[in-house]
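Asker: Next input, structure requested:
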Amino acid sequence: MDMLFPWPVRAPCPPPPPLPAPRRRTAEDAPAGRFATELLWLDISGGSISECGRAAGWLLGRLQKGRRAKHPVTSDAARAGVGVCLFRAVMPFSKLFQRLNETDEGAMRVVFLAAAGIGAAVALQKVVRQIDSLVVPRRRFRVRHGNGPAGVNFTSKTTYTVLGTSAPPTLADIPTLVTEMRDAFESGVTLPLANRLETLVAMKKMFVENEQRILRAVWEDLRRPEGETLYYDFLLVKTQIQNLITNLHKWTKPERVSKFSLLTFPSSQWVEKDAFGTVLIIGPFNYPFALTAGVVAGAVAGGNNVVLKPSNDVPFSSNLLRELFVKYVDPRVVTVVGPHIAGDGVDVVTSLMRQKLDFVFFTGSSRVGAIIAKQAAETLTPIALELGGKNPVFVDETADLSLAAKQCVWGRTLNCGQQCVAPEFVLVHRSVLEKFVEQARRWTHELVPDPYLEGAMGRLVGWNASASSAGDDDKNNAADDSDGNTSGRKSAAMRVKQLLDVARAGKHGEKIVVGGGADFSRGVVEPTVVACGWDSPLMREEMFAPVLCVVPYDDLEDATRMVRTRPKPLALYVFSKHKKNTRHILDNTTSGGVTINGVLFHVGHTGLPFGGVGESGAGSYHGEASVKCFTHQKPTLRKWRDLHDFGVFTDPFFVYGPHDRVKKTLLRAVAERS
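Answerer: Next comes the predicted model:
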């Protein structure tokens, strides 16, 4: 290797004595190490650059075959081939280097060496990338004390007083519970992929074996039609869990970064996916299984353990959640707290937020989301917020009005309008306003002919709450949205009643097109379409009820400007056959997600991330995005130090001070190419 970079050299070093020419043989009948050595020495003793390239290529081929090869070649052998390529690339400059070395211009020698090194590095970039892609280490998860298999029947090396006991945790147990969950995470039980897979399989089994119990619990809480519950709270969750099971290894393995950087060359770089630790998930009432168990699955896939706080406003579903997780899942991985604690859940969430947590995932209203974010900021706890907002729908003059009206009415009446991605108001071009209103009236009668019929549509949350649970108005308003709800029990009916009163009064030009009736004693609200303007009180806040506003517009640019000046919505919908209008809306509005010529569908696609922006939330999940949501993307770089290049590449001199003119010049050149 002394011939590679002579410093200083007055005369070329004589080449080593040539070896006898190797007899002709193949890779199958010659030991790989000896065959490679002969080729390399043949090249050094006078072979051409093309012969050197063939030697290195053969070594790379043997490396790629790995263990399948009869005589596998290690990565060191492949690097040796690259070293020969580098040697042959620099050798043509030996005479020029000798002339420079005989002069007193030391700085010129430095510049020449740097230029030659940079040129060789660029020339070998593709070869090094091939080697780099083969030597990135496989994922090895941390092994800690007490790292045992996950499962319901486990033997803990730590004595727990709350975690895993038969009695549900009380409010006073919460500090101890969180401490023990953190200790369970430190034991390493959630980190191995085998344990994560076992938990996900158990969760899928939990759903498969309890389909009817889940449907029945949601029916008791919300009187939602069985078809809606079957898809949104059962099939969708089961599909998400199965996708995580299928792609767990792919989505959790380190991601190689192939971008070349001259400053860090030679190096390997990748992104590790580290679990946060103990995660708090606060679920809402409107989809008690999809927005709890579905989120838990992503956290488990990321290697975390979970403290789950479901909503107290759906007691049948929350109690069933706790019962099923206790039966099917290791309590060190998922523990449910809250269903057996009396009250509206405010005290439980407040106590949980005071504990040391590693991540918080909250689903609920923007108002309560701001409170959760403020509490998390006090301890610098990272959070993800899935909130809501006033979701607009654009219907231009080219749209299929029947389809647009049907989709808007359908999306607004699902779950009695109690969903964060439901269309809130429709911006209709004035030239087709009357036709759209007529279609909306028609589809309302067809989709929900009798809303008072049992099972025709869902009911407002708290429809079956006892009178004693309502309390006074101030207490209900204070409890509003405390644990992810958009309305407290009983106060939801009062709030919707106020909205309908505003629509009937028409003080700001509101006109009820269809519906407007309700039976609040049963939690039933008729699907209602109201024609109004931008100044209507109905346009101020998210309604979370089956009330759809229709607002005319004359100029699309003015309509998009009005939407842009309002809080950013969680979803936005466009009905148009005009590509230019669609592109104008997409480019001039901001929202968490968009569906074109439909509503809600982008949320159901497992390959798309779902989340809000600005006032509608932060962070996203679903599919691979769920794993990214619950893991820290840790950049990792490994410098190669065993190339025997005397530090020309592995430890360049110009990065160290003091920086003279030559070093500054080299730094600029490297930075421009990094």
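
Asker: residues near Phe289, how many?
Answerer: Counted with other CB atoms under 10 Å, the neighbours of Phe289 add up to 26. For the C-beta atoms, the positions are set from N, CA and C on the backbone; glycine is no exception.

Asker: and it, backbone torsions?
Answerer: phi -110, psi -40 (degrees, to the nearest 10).

Asker: distance of it from Gly188?
Answerer: Shown here: Phe289 relative to Gly188, a distance of 29 Å by CB to CB, to the nearest Å.

Asker: Verify the stated contact: Leu197 with Leu244.
Answerer: No: checked against CB atoms under 8 Å, the pair Leu197 and Leu244 is beyond contact range at 9.1 Å.

Asker: Pick out whichever of these two has more residues nearby.
Answerer: More crowded of Leu197 and Leu244, by other CB under 10 Å: Leu244, with 27 against 17.

Asker: which residues touch that one?
Answerer: Applying CB atoms under 8 Å, 6 or more residues apart in numbering to Leu244 gives the contacts 200, 251, 297-298, 301, 626-627.

Asker: does it count as helix, strand or coil?
Answerer: Of the three states, Leu244 takes helix under DSSP: H, G, I helix; E, B strand; the rest coil.

Asker: how about the nearest residue to it, chain neighbours excluded?
Answerer: Nearest non-adjacent residue to Leu244, counting by CB to CB, 6 or more residues apart in numbering: Ala301, 4.6 Å away.

Asker: Contact partners for that neighbour?
Answerer: 196, 200, 244, 248, 251-252, 626-627, 630.

Asker: Just send the contacts of Leu244 back as JSON lines, with secondary structure and pLDDT too.
Answerer: As requested, the contacts of Leu244 are arranged in JSON lines below (DSSP: H, G, I helix; E, B strand; the rest coil; pLDDT from 0 to 100):
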{"residue": "Leu200", "secondary structure": "helix", "pLDDT": "97"}
{"residue": "Trp251", "secondary structure": "helix", "pLDDT": "95"}
{"residue": "Ala297", "secondary structure": "helix", "pLDDT": "97"}
{"residue": "Gly298", "secondary structure": "helix", "pLDDT": "97"}
{"residue": "Ala301", "secondary structure": "helix", "pLDDT": "96"}
{"residue": "Ser626", "secondary structure": "helix", "pLDDT": "96"}
{"residue": "Val627", "secondary structure": "helix", "pLDDT": "96"}
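
Asker: picking that back up, mind putting the contacts of Ala301 into TSV with distance to Thr363?
Answerer: Listed next are these as TSV, based on distance: CB to CB, whole Å:
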residue	distance to Thr363
Arg196	23
Leu200	21
Leu244	19
Leu248	24
Trp251	22
Thr252	24
Ser626	13
Val627	18
Phe630	14
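
Asker: among these, who's most crowded?
Answerer: The residue in those with the most neighbours, by other CB under 10 Å, is Phe630 (29 neighbours).

Asker: Leaving out the residues flanking it, which one is nearest to that one?
Answerer: Distances taken as CB to CB, 6+ apart put Gly302 closest to Phe630, at 3.5 Å, once the chain neighbours are dropped.

Asker: so the one you found touches Val295, yeah?
Answerer: No: Gly302 is beyond contact range of Val295, at 11.1 Å (criterion: CB under 8 Å).

Asker: what residues are shared contacts of those two?
Answerer: Common neighbours of Gly302 and Val295, using CB under 8 Å, 6+ apart, are Ser626.

Asker: shaky segments in this protein?
Answerer: 1-158, 465-490 (pLDDT under 70).

Asker: Would you mark the buried spots in stretch 495-514?
Answerer: Buried residues in stretch 495-514, defined by neighbour count with 16 or more other CB atoms under 10 Å: 495-496, 499-500, 502-503, 510, 512-514.

Asker: Distance to Gly411 and secondary structure added to these, as a markdown table?
Answerer: As requested, the buried residues of stretch 495-514 are arranged in a markdown table below (distance: CB to CB, whole Å; DSSP: H, G, I helix; E, B strand; the rest coil):
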| residue | distance to Gly411 | secondary structure |
| --- | --- | --- |
| Arg495 | 20 | helix |
| Val496 | 18 | helix |
| Leu499 | 18 | helix |
| Leu500 | 20 | helix |
| Val502 | 22 | helix |
| Ala503 | 19 | helix |
| Glu510 | 21 | coil |
| Ile512 | 19 | strand |
| Val513 | 17 | strand |
| Val514 | 16 | strand |
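
Asker: distance of the residue nearest to Leu244 from Asn195?
Answerer: For Ala301, the distance to Asn195 - CB to CB - is 11 Å.

Asker: Surely Glu228 is in a helix?
Answerer: Yes: looking at Glu228 with three-state DSSP, it is inside a helix.

Asker: What's the first helix or strand after the helix or strand where Asn195 lies?
Answerer: Element membership of Asn195, judged by DSSP states H and E, is helix 193-208. Using DSSP H and E, the helix or strand that follows helix 193-208 in sequence is helix 211-222.

Asker: Helix 193-208 and that following helix, what's the angle between them?
Answerer: Counting by axes from the mean of the first three to the mean of the last three CA atoms, to 10 degrees, helix 211-222 points 70 degrees away from the direction of helix 193-208.

Asker: Endpoints of stretch 375-383, how far apart?
Answerer: For stretch 375-383, the first-to-last residue distance is 10 Å (CA to CA, to the nearest Å).

Asker: List the buried residues of it.
Answerer: 375-376, 381, 383.

Asker: Where does the residue nearest to Pro310 when sequence neighbours are not counted sit: helix, strand or coil?
Answerer: Excluding the flanking residues, the one nearest Pro310 by CB to CB, 6+ apart is Ser318, at 4.0 Å. Of the three states, Ser318 takes helix according to three-state DSSP.

Asker: Around Ser318, how many other residues sit close by?
Answerer: Ser318: 27 neighbours (other CB under 10 Å).

Asker: Contacts only, for it.
Answerer: By CB under 8 Å, 6+ apart, the residues touching Ser318 are 288, 310-312, 336, 338-339.

Asker: Point out the other helices and strands that the host helix or strand of Val349 packs with.
Answerer: Assigned by DSSP H and E, Val349 belongs to helix 346-353. With contacts taken as 3 or more CB pairs under 8 Å, 6 or more residues apart in numbering; DSSP states H and E, helix 346-353 sits against helix 174-186, strand 278-282, strand 305-309, helix 366-378.

Asker: Parallel or antiparallel, list what pairs with the helix or strand that it is followed by.
Answerer: Sequence-wise, the next helix or strand downstream of helix 346-353 (DSSP H and E) is strand 359-363. If you go by DSSP bridges, strand 359-363 pairs up with strand 278-282 (parallel), strand 383-386 (parallel).

Asker: Most tightly packed of these?
Answerer: Ranked by mean neighbour count, the strands paired with strand 359-363 are led by strand 278-282 with a mean of 27 (mean count of other CB atoms under 10 Å).

Asker: That one to helix 366-378, inter-axis angle?
Answerer: Using the same axes, to 10 degrees: strand 278-282 against helix 366-378 is 160 degrees.

Asker: Name the residues that touch strand 278-282?
Answerer: Contacts for strand 278-282 (CB under 8 Å, 6+ apart): 178, 181-182, 185, 292, 295-296, 299, 304-309, 349, 352-353, 357-364, 372, 483-484, 630.

Asker: Just the buried ones from the residues you listed?
Answerer: Buried among the contacts of strand 278-282 (16+ other CB under 10 Å): 178, 181-182, 185, 292, 295-296, 299, 304-309, 349, 352-353, 357-364, 372, 483-484, 630.

Asker: between the buried residues of stretch 495-514, which is nearest Ser674?
Answerer: Relative to Ser674, the closest of the buried residues of stretch 495-514 is Arg495; by CB to CB it sits at 57.2 Å.

Asker: now the closest one: how far from Pro339?
Answerer: 25 Å.

Asker: Surely Val530 and Ala503 touch.
Answerer: Yes: assessed by CB under 8 Å, Val530 is found in contact with Ala503 at 4.8 Å.
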